[in-house]
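In: got a structure for you, letters missing:
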């Protein structure tokens with residue numbers, strides 16, 4: 001089936017972290033990628049495989065929700081404790097025994113219906129390895145009844161060039177395919193996304 005491409009706007013604000021918190025968090029945080037740090041106020045490109053994508057919008061940005069998750073990760077003391085044993089086991093099966101998490105952002109979906117099918121999204125984070133690297137985007141959803149669902153999704157780092165204020169800007173993004181179940185879960189609950197990479 002032919003892919004149909006639409007562009008959704010995502011407004012992001014770089015989360016400020018104090019030097020003390022940054023030091024405590026350093027062991028679990030990947031270094032910032034030079035092509036994307038502080039340039040997140042751009043556009044997210046996404047492709048839907050279904051017959052119609054009208055009304056679909058995806059946003060990825062730092063909010064009070066994502067800030068709370070950053071604090072939860074610090075408080076947990078390790079990626080395993082934060083994600084839970086099952087999700088961590090799945091991620092390490094894919095990436096290896098030692099993984100780290102980059103920044104956490106709130107992921108919001110509106111206007112999605114099942115007929116849109118799978119959605120390929122390009123998610124911008126400020127701390128990504130070089131293009132071509134396999135990573136895992138971990139989508140954490142808090143459902144309406146308070147249950148927490150953690151969904152590891154394999155992705156690949158890519159580089160995209162766009163025009164910002166009349167100048168070409170190259171940024172790294174993670175290309176992921178979100179199936180209909182994942183899209184529905186994100187839309188129905190409060191979701192955050194983070195990137196797990198091999199150390």
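Out: Happy to help now that I have it. Nothing here was measured: the structure is a model prediction, and the numbers come from that model. Residues are numbered from 1 along each chain as shown.

In: Please make it C-alpha for all contacts and neighbour counts, starting now.
Out: Noted.

In: Okay, and the beta partners of residue 192?
Out: residue 106, residue 140 (DSSP bridges).

In: go on, the one 5 residues further on?
Out: For residue 197, the beta-bridge assignment (DSSP bridges) gives partners residue 100.

In: Check this protein for its longest helix and report it.
Out: Counting residues, the longest helix found in the chain (DSSP state H) is helix 64-76.

In: Quick one: mean pLDDT over the helix or strand following that one.
Out: Using DSSP states H and E, the next helix or strand after helix 64-76 towards the C-terminus is helix 79-83. Across helix 79-83, the average pLDDT comes to 92.

In: Repeat that for stretch 171-190.
Out: Here the average pLDDT along stretch 171-190 is 93.

In: what about it, how long is it end to end?
Out: Stretch 171-190 has an end-to-end distance of 27 Å (CA to CA, to the nearest Å).

In: Who are the packing partners of the longest helix of the chain?
Out: In terms of contacts (3 or more CA pairs under 8 Å, 6 or more residues apart in numbering; DSSP states H and E), helix 64-76 is packed against helix 79-83, strand 99-110, strand 190-198.

In: highest average neighbour count across the ones you listed?
Out: Most buried of these by mean neighbour count (mean count of other CA atoms under 10 Å) is strand 190-198; its value is a mean of 24.

In: contacting residues for residue 92?
Out: 98-99 (CA atoms under 8 Å, 6 or more residues apart in numbering).

In: Quickly find the element holding it.
Out: Going by DSSP H and E, residue 92 is in helix 85-95.

In: So which helix or strand of the chain has the lowest pLDDT on average?
Out: Considering only helices and strands, the least confidently modelled element of the chain by mean pLDDT, DSSP states H and E is helix 19-25, at a mean of 33.

In: Run a quick neighbour tally on the nearest residue to residue 119 once chain neighbours are set aside.
Out: Among residues not flanking residue 119 along the chain, residue 48 sits closest, at 4.6 Å (CA to CA, 6 or more residues apart in numbering). Residue 48 is flanked by 22 other residues according to other CA atoms under 10 Å.

In: Same check on residue 155?
Out: Counted with other CA under 10 Å, residue 155 comes out at 24.

In: Now it: which helix or strand?
Out: Counting by DSSP H and E, residue 155 is found in strand 148-164.

In: Poorly predicted segments of this protein, please.
Out: Applying pLDDT under 70 to the chain flags the ranges 1-44, 51.

In: most distant residue from the middle of the chain?
Out: Here the chain reaches farthest from its C-alpha mean at residue 166, the gap being 27.0 Å by CA atoms, centre = their mean.
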